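>>> Sequence first, then the predicted structure:
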Amino acid sequence: MGNTLALGSPCPACAQPMHPIVLECVCGVRVEAPISVNEFAALSPEQLHLLRIFVKCEGRIRDMEAALGISYPTVKTRIKELKDALQIVDDGSMDEPPRLDLDEVLSGLETGDLTADEAIDRLKD
């Protein structure tokens, strides 16, 4: 695995992030097309480790201190850096559940993922 590049590695010619266009399987199948990736794919190994610890500790920074062996302010700083890397903006948009269309709401009701009150709230204008 020594010959691998991380997603978002800079181009040696123009220094812009490079994007994957080829996937290849060990069986020989090769797919060439623009490949979309999510924002987590471009995180550094250190940022991914911090994210894993965050989830493992269920967001409790005091527990993260112990798990990472660093101070509370350092944990806060690293979370801020992770937030910046993910381009998360404090605009309140993450506080509201995403709007669902009628089929999604009905499916949520059928599976029990939504209560009747939640379904009504999701369908309101």
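Nice, thanks for sending it over.
>>> rest of the way, CA atoms for contacts and neighbours
Noted.
>>> pLDDT (mean, whole number) over the longest helix seen in the chain?
Counting by DSSP state H, the longest helix found in the chain is helix 72-85. Across helix 72-85, the average pLDDT comes to 92.
>>> what do you get for stretch 53-68?
Averaged across stretch 53-68, pLDDT comes to 94.
>>> low-confidence ranges in this protein?
Applying pLDDT under 70 to the chain picks out residues 1-8, 91-100, 125.
>>> would you list every one of the helices in it?
Secondary structure of the chain (DSSP H): helices at 45-56, 61-68, 72-85, 102-111, 116-123.
>>> so which of those gets nearest residue 9?
helix 45-56 (12.6 Å; Cα to Cα).
>>> That closest one - contacts with which helices or strands?
Counting contacts by 3 or more Cα pairs under 8 Å, 6 or more residues apart in numbering; DSSP states H and E, helix 45-56 is packed against helix 61-68, helix 72-85.
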